[in-house]
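In: how does the following fold in three dimensions:
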Amino acid sequence: MHNGKICVALVGIGWAGVMHAKAYNHLYNMDVDLKTVCALEPTVSEFAERYNFRSYTNDFNAVLNDEEIDVVDIVTPPNLHKSMAISAMCSGKHVICEKPLTGYFGVEGDPQAVGTVSKKKMLFDVRSAIDEMETAIAQTGKKFCYAANWIYSPAFLRACELVKAKGTTVLQIQGLVGHKGSSADYVRHWARSGGGTLARNIVHPLSAAVYLKRMEMESKGLSYGVKSVMCDCSQITAGVDNRYIEADPIDTEDWAHAIFTFADGTKAILTAADTFVGECSNKFEIYGNDAVLKCNFSPNNLLDIYFSDEKDIKDEHISEKSDHNIGHKQAAVCEEVVRGYYSEIQDFMECIKYDREPLAGFKLAREVTDLVQLAYCAAEQGMCVELADYMK
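Out: Predicted coordinates for the structure are as follows:
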């Protein structure tokens with residue numbers, strides 16, 4: 001830190017980049033210097049000005065070589081996460097890394113459609129990649145923060161408090177991430193995204209489910225773990241009229257459904273799909289032996305609206321993935337807060353300042369990434385996968 005401030009570089013200016021940038025501008029009792037935004041898009045200069053960054057660059061090496069920078073916040077496509085994170089830590093910088101942590105992106109000799117590679121091969125390759133990241137963390141002593149924003153949502157955090165206070169046994173978790181697909185081209189290609197809706201969307205509820213069940217079980221003195229996975233992944237929008245759906249996968253899936261069984265026999269049933277026209281649905285429901293708790297991240301009923309036409313509001317961001325701003329809608333209100341981004345960045349900055357571990361760190365990132373790869377194995381085999389059969 002210089003002048004008592006944590007100096008930050010943000011790498012990437014997509015959706016998550018915007019959420020992180022907004023959060024940095026609303027930190028509480030933290031001195032942060034927003035030094036640099038790094039991105040290839042021509043709008044990077046406008047982004048830097050809008051969110052109060054002092055400078056911008058197209059060169060990631062410039063970020064690595066800047067001795068002032070304490071933290072590199074990585075919100076790039078997943079195929080860049082591992083190399084950027086390791087390079088940043090070896091350059092003496094703490095790392096914030098967006099989901100998914102990493103994945104399989106192909107090696108020499110693979111078919112062009114990387115998604116057709118054996119999922120078991122992918123699993124062990126990804127495990128090796130994660131080992132490299134863990135080694136870099138150990139050797140550099142730098143903080144690694146996993147940007148699992150659902151864990152930081154006020155609704156989820158309160159649900160966890162209530163589950164723990166009441167001693168509820170969480171029997172079933174249901175998680176949903178649904179929208180009309182991503183406009184980012186990289187999500188169509190396994191070589192850049194490391195998978196489809198399972199890799200990039202189920203990680204949201206899966207991270208929350210793993211966090212919740214570990215907390216619940218360990219608070220009761222039980223041994224936490226996941227023992228098996230079932231999964232189905234499909235391309236279901238191919239050949240469909242896609243005027244209102246942005247999904248256009250090449251070798252990735254646009255629909256995924258996975259069931260994770262924990263060591264106590266309880267379940268997390270999670271779905272992610274690029275087939276939801278007109279809304280972005282993010283929900284996390286907890287069904288216990290004596291309680292039901294439902295987190296409606298989006299849409300929710302904080303603000304119900306109706307507009308007869310789009311005059312003067314056509315370009316307003318009313319709700320994510322909506323086709324227009326006409327009629328009845330449940331408007332997004334403080335998405336950065338409701339979906340956990342503010343608390344996430346606050347926690348990460350405090351961890352760096354006070355030298356403590358974040359709620360969402362490398363341990364969680366590693367487990368979630370491994371479970372995603374095991375789910376792909378289950379989908380490929382069309383059977384339940386026992387984790388014990390896939391140990392090193």
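
In: now residue 380. Nearest residue, chain neighbours left out?
Out: Nearest non-adjacent residue to residue 380, counting by CB to CB, 6 or more residues apart in numbering: residue 119, 4.3 Å away. Every residue, glycine included, has its C-beta placed from N, CA and C.

In: again, but for residue 283
Out: residue 176 (4.6 Å).

In: pLDDT below threshold where in the stretch 101-250 of the chain?
Out: The stretch 101-250 of the chain contains no residues with pLDDT under 70.

In: tell me the first helix or strand C-terminal of whichever helix or strand residue 96 is part of.
Out: Here residue 96 sits within strand 94-98, counting by DSSP states H and E. Once the chain leaves strand 94-98, the next helix or strand it forms, by DSSP H and E, is helix 119-140.

In: circling back: mind listing what the residue nearest to residue 380 touches?
Out: 373, 376, 377, 379, 380 (CB atoms under 8 Å, 6 or more residues apart in numbering).

In: now do it against residue 298, distance only.
Out: As judged by CB to CB, to the nearest Å, residue 119 and residue 298 stand 31 Å apart.

In: what's around residue 21, how many residues?
Out: 25 (other CB atoms under 10 Å).

In: give me the nearest residue to it, chain neighbours excluded.
Out: residue 51 is the one closest to residue 21 (CB to CB, 6+ apart), at 3.8 Å.

In: shouldn't that neighbour be in contact with residue 23?
Out: No: applying CB atoms under 8 Å as the test, residue 51 and residue 23 come out as separate, 10.0 Å apart.

In: which residue, neighbours along the chain excluded, lies closest to the residue nearest in space to the middle of the chain?
Out: Per CA atoms, centre = their mean, the C-alpha nearest to the average position across the chain is that of residue 99, at 3.4 Å. Leaving aside its sequence neighbours, residue 99 sits nearest to residue 203 (CB to CB, 6+ apart; 4.5 Å).

In: that neighbour: how many residues sit nearby?
Out: By other CB under 10 Å, 28 other residues sit near residue 203.

In: so who does residue 275 touch?
Out: 178, 180, 236, 237, 245, 247, 254, 255.

In: out of those residues, which comes closest to residue 280?
Out: Set against residue 280, the nearest of these by CB to CB is residue 178 (7.4 Å).

In: and that closest one, how far is that from residue 210?
Out: 21 Å.

In: was I right about residue 111 contacting residue 191?
Out: No: using CB under 8 Å, residue 111 makes no contact with residue 191, being 10.4 Å away.

In: tell me which of these two has more neighbours.
Out: Set residue 111 next to residue 191 and count neighbours by other CB under 10 Å: residue 191 wins out with 20 against 10.

In: and the helix or strand in which that one is found, what's buried?
Out: Using DSSP H and E, the element containing residue 191 is helix 190-193. Residues of helix 190-193 classed as buried under the neighbour-count rule (16 or more other CB atoms under 10 Å) are 190, 191, 192, 193.

In: tell me who's in contact with the residue nearest to residue 283.
Out: Taking CB under 8 Å, 6+ apart as the criterion, residue 176 is in contact with 205, 270, 271, 272, 281, 282, 283, 284.

In: using the three-state scheme, assign it.
Out: Following DSSP: H, G, I helix; E, B strand; the rest coil, residue 176 is assigned to strand.

In: which SS state does residue 383 fall under?
Out: Criterion first, three-state DSSP; result for residue 383: coil.

In: not counting its neighbours along the chain, what's nearest it?
Out: Per CB to CB, 6+ apart, closest to residue 383 is residue 230, 7.7 Å.

In: any idea how far the residue nearest to residue 21 is from residue 45?
Out: Distance from residue 51 to residue 45, by CB to CB: 12 Å.

In: higher neighbour count, the two?
Out: residue 51 (19 against 14).

In: residue contacts, the more buried one?
Out: Contacts of residue 51 by CB under 8 Å, 6+ apart are 18, 21, 22, 24, 25, 34, 37.

In: then residue 261?
Out: By CB under 8 Å, 6+ apart, the contact list for residue 261 reads 226, 227, 228, 229, 267.
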